[in-house]
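Undergrad: Everything below, folded, please.
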Amino acid sequence: MSVTHFKIVGLLFVLAPSLAMSQGKEALRSIEDVILDIRSTDPASNYGVLMYLKSVGAQSKVYAPALSRALDASADETEKVRLIVAIGALASNGGIAVPSLARSLTDDSHRVREAAAGSLGEIGIGAKSAVPFLKSRLEIEKNAAVVVEVGGALCRIGRDESGVRVLEKQLRSDDPKIRLKSVIFLGECGRAARSSAQSLLRLLTDESRVVRIESAYSIWRIEQNRQAIAVLRHELTDEKGNYFRFQAARYLWEIEKDPNIISFLIRFVRDGDDCERIMAANELGHIGLEASAALDCLRQLRSDTDMNVKEAAEGAIKRITNERK
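TA: Next comes the predicted model:
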């Protein structure tokens with residue numbers, strides 16, 4: 001991945017909540033237009049259509065049959081991956097595409113297999129018929145990224161013990177991306193992943209900061225261990241890398257509802273750079289009504305020279321004030 005592409009994807013991630021809000025106002029788009037954007041070589045178009053599919057809720061079900069047919073007909077690796085990811089964006093509304101995704105688990109491309117397992121996990125319980133195919137894949141799969149996605153899918157579909165076991169094993173991977181995904185999936189399993197708690201505790205001192213933060217959050221989700229809070233508080237005060245501090249702030253708010261988190265975010269709305277103000281505004285919007293103290297400084301951003309900052313502030317204001325009505 002090029003540096004430029006990484007920056008584009010990173011900015012889109014930062015803007016995701018405000019993008020989703022603006023997309024949600026549109027009338028339902030045609031199936032042809034949606035597939036055209038999925039096939040586009042423009043990363044912004046690809047991401048935009050995914051946000052659109054996520055934003056329209058139950059109505060997204062109308063796209064599932066066409067996406068499934070397009071996947072079955074495609075012979076291009078990149079196109080197949082994009083179609084599979086789009087089906088995953090439908091979440092529980094993508095159930096009709098499960099047979100196509102299950103077939104994709106045997107594709108020659110590890111990228112396609114990885115995406116297929118991930119989207120089956122996104123569909124969740126509606127993909128229960130794919131569990132035998134996922135378990136069969138585990139018996140022969142050699143690619144670690146695919147193995148993690150298969151394990152994650154088994155956990156997300158039915159809290160399957162075989163999924164927990166394979167993810168726990170991957171916590172020892174030398175690749176921080178593999179450790180990170182395994183940590184996140186185990187957290188989503190909740191108490192069904194109790195057997196992995198000790199392994200996750202060891203990752204609280206991992207060399208990767210994001211692995212430490214996500215391990216703390218997953219441990220809390222699994223067994224409410226207060227060591228997790230101590231780690232998150234430490235990461236919140238580490239001034240190197242504010243993106244990580246925002247992630248720690250989100251988790252600490254979810255766990256403790258500490259009003260100091262709101263003060264922390266308001267400070268970045270007032271004094272941060274453009275990206276920091278966008279991230280802080282998005283987090284305040286995520287908090288909702290209880291972030292009402294931030295409304296004055298968010299309203300000041302309506303006159304900001306950066307359009308993305310203004311949109312993030314407007315989105316946060318709407319989320320906070322809508323909850324007050």
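Undergrad: Looks like residue 201 contacts residue 231 (just checking).
TA: No. Using C-beta atoms under 8 Å, residue 201 is not in contact with residue 231, being 9.9 Å away. To be clear about C-beta, it is placed using only N, CA and C from the backbone, and glycine gets the same treatment.
Undergrad: overlap in contacts of the two?
TA: Common neighbours of residue 201 and residue 231 (criterion: C-beta atoms under 8 Å, 6 or more residues apart in numbering): residue 215.
Undergrad: Of the two, which one has the most company?
TA: Set residue 201 next to residue 231 and count neighbours by other C-beta atoms under 10 Å: residue 231 wins out with 24 against 17.
Undergrad: So the residue lying closest to that one once chain neighbours are set aside, which state does it fall into?
TA: Using C-beta to C-beta, 6 or more residues apart in numbering and skipping residues adjacent in sequence, the residue nearest residue 231 is residue 216, 4.1 Å away. Under the three-state scheme (DSSP: H, G, I helix; E, B strand; the rest coil), residue 216 adopts helix.
Undergrad: Give me the buried positions along the helix or strand containing residue 261.
TA: In the assignment (DSSP states H and E), residue 261 maps to helix 259-271. Neighbour counts using 16 or more other C-beta atoms under 10 Å place 261, 262, 264, 265, 266, 268, 269 of helix 259-271 among the buried residues.
Undergrad: how about the residues you listed in TSV, adding distance to residue 36 and pLDDT?
TA: Shown next, in TSV, are the buried residues of helix 259-271 (distance: C-beta to C-beta, whole Å; pLDDT from 0 to 100):
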residue	distance to residue 36	pLDDT
261	42	97
262	42	97
264	42	97
265	38	97
266	41	97
268	38	96
269	37	96
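Undergrad: Any idea how many residues pack against the nearest residue to residue 104 once chain neighbours are set aside?
TA: Spatial nearest neighbour of residue 104, excluding adjacent residues (C-beta to C-beta, 6+ apart): residue 116 at 3.7 Å. Around residue 116 there are 34 other residues, counting by other C-beta under 10 Å.
Undergrad: My read is that residue 116 contacts residue 105, right?
TA: Yes. Judged on C-beta under 8 Å, residue 116 makes contact with residue 105 at a distance of 5.2 Å.
Undergrad: ok, now how distant is the residue nearest to residue 104 from residue 99?
TA: As judged by C-beta to C-beta, to the nearest Å, residue 116 and residue 99 stand 11 Å apart.
Undergrad: how about residue 86, what does it touch?
TA: Residues near residue 86 by C-beta under 8 Å, 6+ apart: 34, 38, 49, 50, 53, 63, 67.
Undergrad: for residue 255, same thing?
TA: 220, 228, 229, 232.
Undergrad: which residues touch the second one?
TA: For residue 228, the set of contacting residues under the criterion of C-beta under 8 Å, 6+ apart consists of 204, 216, 217, 219, 220, 255.
Undergrad: For residue 88, see how far away the third one is.
TA: When you say that, I think you mean residue 217. To residue 88, residue 217 is 22 Å away according to C-beta to C-beta.
Undergrad: now do the fourth one
TA: In this structure, residue 219 and residue 88 are separated by 26 Å, where distance is defined by C-beta to C-beta.
Undergrad: quick one: what helix or strand has residue 37 in it?
TA: Per DSSP H and E, residue 37 falls inside helix 31-39.
Undergrad: List the buried residues in whichever helix or strand comes after that helix.
TA: Downstream of helix 31-39, the next assigned helix or strand under DSSP H and E is helix 43-55. Buried residues in helix 43-55, defined by neighbour count with 16+ other C-beta under 10 Å: 46, 47, 48, 49, 50, 51, 52, 53, 54, 55.
Undergrad: In TSV: those, plus distance to residue 153 and pLDDT.
TA: Listed next are the buried residues of helix 43-55 as TSV, based on distance: C-beta to C-beta, whole Å; pLDDT from 0 to 100:
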residue	distance to residue 153	pLDDT
46	22	90
47	22	90
48	26	92
49	23	93
50	19	93
51	22	91
52	24	93
53	19	94
54	18	92
55	24	89
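Undergrad: What is the nearest of those residues to residue 244?
TA: Nearest to residue 244 out of the buried residues of helix 43-55 is residue 47 (C-beta to C-beta; 22.2 Å).
Undergrad: Which helix or strand contains the residue nearest to residue 279 when sequence neighbours are not counted?
TA: Distances taken as C-beta to C-beta, 6+ apart place residue 246 nearest to residue 279, at 4.9 Å, with adjacent residues excluded. According to DSSP H and E, residue 246 maps onto helix 242-256.
Undergrad: cool, and residue 103?
TA: For residue 103, the host element (DSSP H and E) is helix 98-104.
Undergrad: What is that helix packed up against?
TA: The helices and strands touching helix 98-104, judged by 3 or more C-beta pairs under 8 Å, 6 or more residues apart in numbering; DSSP states H and E, are helix 64-73, helix 77-89, helix 110-123.
Undergrad: Thanks a lot, catch you later.
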